[in-house]
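Enquirer: Just a sequence and a predicted model for now, questions to come.
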Amino acid sequence: MVGFLMRRAAALIPVLIVVAIVTFLLIHLMPGDAAAVMLGPEATPAQVETLRQSLGLNEPLYAQFFTWVVSALQGDLGQSFFIGLPVATVIQAALAPTINLAIFAEIIAILVGVPAGIVAARKQGTGTDQTVMVGALLGISVPSFLLGLFLMLIFGVLLGWLPVAGYSPLEDGIFETLKYLLLPAIALGSMQAALIARMTRTSMLETLSKPYLKTAKAKGLSGNRIIYKHALRNAAMPILTTIGQTLGTLVAGAAVVETVFNVPGIGQLIVNSIERRDIVVIQGVILLIAVSYVLINFLVDVLYSVLDPRVRYS
Amino acid sequence: MTDTMTVGSLNRLNKTYSRRSMFLRRFGAHKLAMTGGIVLAIVVAVAILGPVFAGDPLTLNPSQRLAPPSLDHPFGTDNYGRDTFARAVAGARVSLLVGAVTALITSVLGAIVGLFAAYNRIADTILMRISDGLMAFPAILLAIAIMAAMGQQTSNVIIALSIVFTPYVARIVRSAALVAKEQTYVEALRSQGASLFRILWINIFPNVLSPLIVQATFVFADSIITEAALSFLGAGVPPPAPSWGNMLLDGKTLIYSAWWMTVFPGAFIMSTILAVNLLGDGLRDLLDPTFNRRK
């Protein structure tokens, strides 16, 4: 077990190094002088030179990278020259709405996707199965921000049931928060629900064809008992993996959906930073999300090996 | 010798011909794939013929601002009095172009990277670590970051999407090539002294073509979605040029007064993506039943 963990952890290092290099290089993708681009055409040469100094752009590339990595490891992601605050502080302030939205969307996706997949698998080949699969295809084909706009149009503008924009922090009551997050969460969760439904169906079908389930049936167990007690547990692994693997995409998607509903989270921060060409903030955000993604996948892997010892030996 | 060669190549011709017609017949029987293909063909035709019948997407008409759908303007007009139908059609050109060029670039790069990775251990380690690293970023976020750095420009959108999606294609090509590489005929070729280049491109490449085509259709769909999202966030195709994404951005600010600015470009995106996904799923069923889409 320890050896397995060590090997898995060691495999993270090259990935994290590439993540760091890609993030670091973003500022050098800017056309011409990054400092001049950030400050805009009205900046004086002296101002540009000051910003170059503070970003360390006059140093050789490898020295810049080294300094950047060392500060990032200490939690210092640089300074947003536009807002005048450390990037870590800015991100922290915007994190809560995004994470709440992502969690809410994941809950909706699981509550919809898993039962839908199970029903489709039990009624394989029937109209129910086909309806679920067409629904899943629709869910995968409609980008979340577009679904968000449609939901906003129907439930916000036309029917007036739910607020179309804004956010209420958790401290002011969870129901108020949920009211604001319901439409964004449905918009964001639909693709996830579709992926989970497909995976659940495939995995259930595979499990249901196993001999031990025939035995269970022969023993005279009821259909529900077979499905929920025997089949689902064994089919759960691939479903869990799908959920783990798509968690990073979900956070990124949350950032996009947020901008539809003006939720003041990471997405809003990114959009504002694009306008300001505040690349340091964007570097901080994508570094954070990519590193979390890598770590979450590592945890899923470890969890996997705890739950299913066979994994460790392959 | 000459005779046998002729017979051999004739046989080969016959075989590819019959294989192709068989594929077409099976494709015709696959209803979902056919539907997808037809819808996509319509969208492509509309995009190409657009300038003939749809009018100019940039003409301002202040007296006709925010006009609801009518005979003159079937999709209504926007806040500058521009015709939404003309803009949606012009947007189709941009979206399909970005999707198609990205799919082409990622296929070529992905094939090169994937094949070399499958054949050379050192190249494999380096290239696959790089692609692992790139794949650790959620696609849309990496694209946003690259666009934020390089600046809003249609060509930059293509570059950003190609960087984002090439690793996914390379992975698929690599795993297909690794399987092909273990076949006896490759060993036979190697023992006869065939060059690496020849084995890779003449002998192994045809074996990875099916998964490559399937993956390319998915990259096409994902590129269209991602381009729309980028433009919607203000990091994609720069206005006033229309793209579905920046039309939706305009539509969102006027969602209370002009629903048509949201509904029509949205319907275009939805039907295009659905068509490409149907086509891709169908191609996967027909070409490569063992392949699973990575998302």
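Expert: Cool, got the structure. Residues are numbered from 1 along each chain as shown, chains lettered A, B, ... in the order given.

Enquirer: which residues touch the residue most central in space within chain B?
Expert: Nearest to the geometric centre of chain B sits residue B:220, at 1.4 Å (CA atoms, centre = their mean). Residue B:220 makes contact with B:99, B:100, B:102, B:103, B:276, B:280, according to CB atoms under 8 Å, 6 or more residues apart in numbering or on different chains. Every residue, glycine included, has its C-beta placed from N, CA and C.

Enquirer: Helices of chain A, start to end?
Expert: A:2-29, A:34-39, A:45-55, A:61-73, A:87-122, A:127-141, A:144-151, A:174-208, A:211-218, A:223-225, A:232-260, A:266-276, A:279-307, A:310-313 (DSSP state H).

Enquirer: For chain B, what is the nearest residue in chain A?
Expert: The nearest approach of chain A to chain B comes at residue A:18, 2.4 Å away (CB to the nearest CB).

Enquirer: leaving aside the residues next to it on the chain, what's closest to that residue?
Expert: Excluding its sequence neighbours, the residue lying closest to residue A:18 (CB to CB, 6 or more residues apart in numbering or on different chains) is residue B:133, at 2.4 Å.

Enquirer: how near is the residue nearest to the centre of chain B to residue B:206?
Expert: 22 Å (CB to CB, to the nearest Å).

Enquirer: and the residue of chain A closest to chain B, how many neighbours?
Expert: Neighbours of residue A:18 under the rule other CB atoms under 10 Å in any protein chain shown: 19.

Enquirer: Can you point out the buried residues in the top helix by length along chain B?
Expert: In chain B, taking DSSP H as the definition, the longest helix is helix B:84-119. Going by neighbour count (16 or more other CB atoms under 10 Å in any protein chain shown), the buried part of helix B:84-119 is B:84-96, B:98-103, B:105-107, B:109-119.

Enquirer: ok, now stretch A:106-116?
Expert: Across stretch A:106-116, burial judged by 16+ other CB under 10 Å covers A:106, A:108, A:109, A:110, A:112, A:113, A:114, A:116.

Enquirer: Kindly report the same for stretch A:215-234.
Expert: In stretch A:215-234, counting by 16+ other CB under 10 Å, buried: A:216, A:226, A:227, A:230, A:231, A:232, A:234.

Enquirer: centre of the chain versus that stretch, how much separation?
Expert: 34 Å (CA atoms, centre = their mean, to the nearest Å).

Enquirer: average pLDDT for that stretch?
Expert: Averaged over stretch A:215-234, pLDDT sits at 77.

Enquirer: Stretch B:232-247 now?
Expert: Computed over stretch B:232-247, the average pLDDT equals 86.

Enquirer: first to last residue in it, what's the distance?
Expert: One end of stretch B:232-247 sits 8 Å from the other (CA to CA, to the nearest Å).

Enquirer: where does it sit relative to the chain's centre, distance-wise?
Expert: Offset of stretch B:232-247 from its chain centre (CA atoms, centre = their mean): 19 Å.

Enquirer: residues contacting residue 180?
Expert: Assuming you mean chain A. By CB under 8 Å, 6+ apart, the contact list for residue A:180 reads A:163, A:166, A:167, A:168, A:261, A:263.

Enquirer: that's the other chain; I wanted chain B
Expert: Neighbour list for residue B:180: B:186, B:204, B:207, B:208 [criterion: CB under 8 Å, 6+ apart].

Enquirer: what number of residues lie near the last one?
Expert: Number of residues near residue B:208 (other CB under 10 Å) recorded here: 25.

Enquirer: likewise the one 10 residues further on?
Expert: When neighbours are defined as other CB under 10 Å, residue B:218 has 24 of them.

Enquirer: Now it: which helix or strand?
Expert: Per DSSP states H and E, residue B:218 falls inside helix B:205-232.

Enquirer: Next, the buried residues of that helix.
Expert: For helix B:205-232, by 16+ other CB under 10 Å, it's B:205, B:207-208, B:210-232.

Enquirer: gap between it and the chain center?
Expert: 4 Å.

Enquirer: Now do the helix or strand that it is followed by against helix B:84-119, angle only.
Expert: The C-terminal neighbour of helix B:205-232 among helices and strands, as given by DSSP H and E, is helix B:244-253. Here the directions of helix B:244-253 and helix B:84-119 differ by 130 degrees (axes from the mean of the first three to the mean of the last three CA atoms, to 10 degrees).

Enquirer: Please work out which residue of chain B is closest to chain A.
Expert: residue B:133 (2.4 Å).

Enquirer: does that residue count as helix, strand or coil?
Expert: helix (DSSP: H, G, I helix; E, B strand; the rest coil).

Enquirer: I'd guessed it sits against residue A:23; true?
Expert: No - using CB atoms under 8 Å, residue B:133 makes no contact with residue A:23, being 9.7 Å away.

Enquirer: neighbour-wise, which of the two wins?
Expert: Between residue B:133 and residue A:23, residue A:23 has the larger neighbour count (other CB under 10 Å), namely 26 against 22.

Enquirer: quick one on the thing from earlier: how much space is there between the residue of chain A closest to chain B and residue B:110?
Expert: Distance, residue A:18 to residue B:110, by CB to CB: 17 Å.

Enquirer: How about residue B:267?
Expert: Relative to residue B:110, residue B:267 is positioned 32 Å away (CB to CB).

Enquirer: Contact residues of the stretch 1-150 of chain A facing chain B?
Expert: Along the stretch 1-150 of chain A, the residues adjacent to chain B under the rule CB under 8 Å from any CB of the partner chain are A:14-19, A:21-23, A:26-27, A:29-31, A:37, A:137-138, A:140-143, A:145-146, A:149-150.

Enquirer: how about 7 Å then?
Expert: Contact residues, the stretch 1-150 of chain A versus chain B (CB under 7 Å from any CB of the partner chain): A:14-15, A:18-19, A:22, A:26-27, A:29-31, A:137, A:140-143, A:145-146, A:149-150.

Enquirer: List buried residues within the residues you listed.
Expert: So, by 16+ other CB under 10 Å, the buried ones in these are A:14-15, A:18-19, A:22, A:26-27, A:29-30, A:137, A:140-143, A:145-146, A:149-150.

Enquirer: that older thread, between the helix holding residue B:218 and helix B:244-253, how big is the angle?
Expert: On the basis of the same axes, to 10 degrees, helix B:205-232 is oriented at 30 degrees to helix B:244-253.

Enquirer: Would you mind getting the angle between helix B:205-232 and helix A:174-208?
Expert: 170 degrees.

Enquirer: What does the pLDDT read for residue B:14?
Expert: Looking at residue B:14, the pLDDT reads 48.

Enquirer: Mind checking if stretch B:224-241 is in reach of chain A?
Expert: Yes - judged by CB under 7 Å from any CB, stretch B:224-241 and chain A are in contact via B:225, B:228, B:229, B:232, B:233, B:234, B:235.

Enquirer: quick one: which two of those residues are the most distant?
Expert: Using CB to CB, the residues of stretch B:224-241 next to chain A reach their maximum pairwise distance at B:225 and B:234, which is 16.7 Å.

Enquirer: What number of neighbouring residues does residue A:72 come out with?
Expert: The number of residues packed near residue A:72 is 21, by other CB under 10 Å.

Enquirer: which residues touch it?
Expert: Residues in contact with residue A:72 (CB atoms under 7 Å, 6 or more residues apart in numbering or on different chains) are residue A:287.

Enquirer: and it, how far is that from residue A:78?
Expert: 8 Å.

Enquirer: Can you give me the neighbour number for residue 121?
Expert: Assuming you mean chain A. 23.

Enquirer: think we crossed wires, I meant chain B
Expert: The number of residues packed near residue B:121 is 9, by other CB under 10 Å.

Enquirer: how close does the closest residue to residue B:173 other than its chain neighbours sit to residue A:99?
Expert: Leaving out its chain neighbours, the residue that sits closest to residue B:173 by CB to CB, 6+ apart is residue B:114, at 2.7 Å. According to CB to CB, residue B:114 stands 36 Å off from residue A:99.

Enquirer: Residues of the stretch 101-250 of chain B that sit close to chain A?
Expert: So the stretch 101-250 of chain B meets chain A at B:129-130, B:132-134, B:136-138, B:140-142, B:144-146, B:148-151, B:225, B:228-229, B:232-235, B:248 (CB under 7 Å from any CB).

Enquirer: Okay then, goodbye and thanks.
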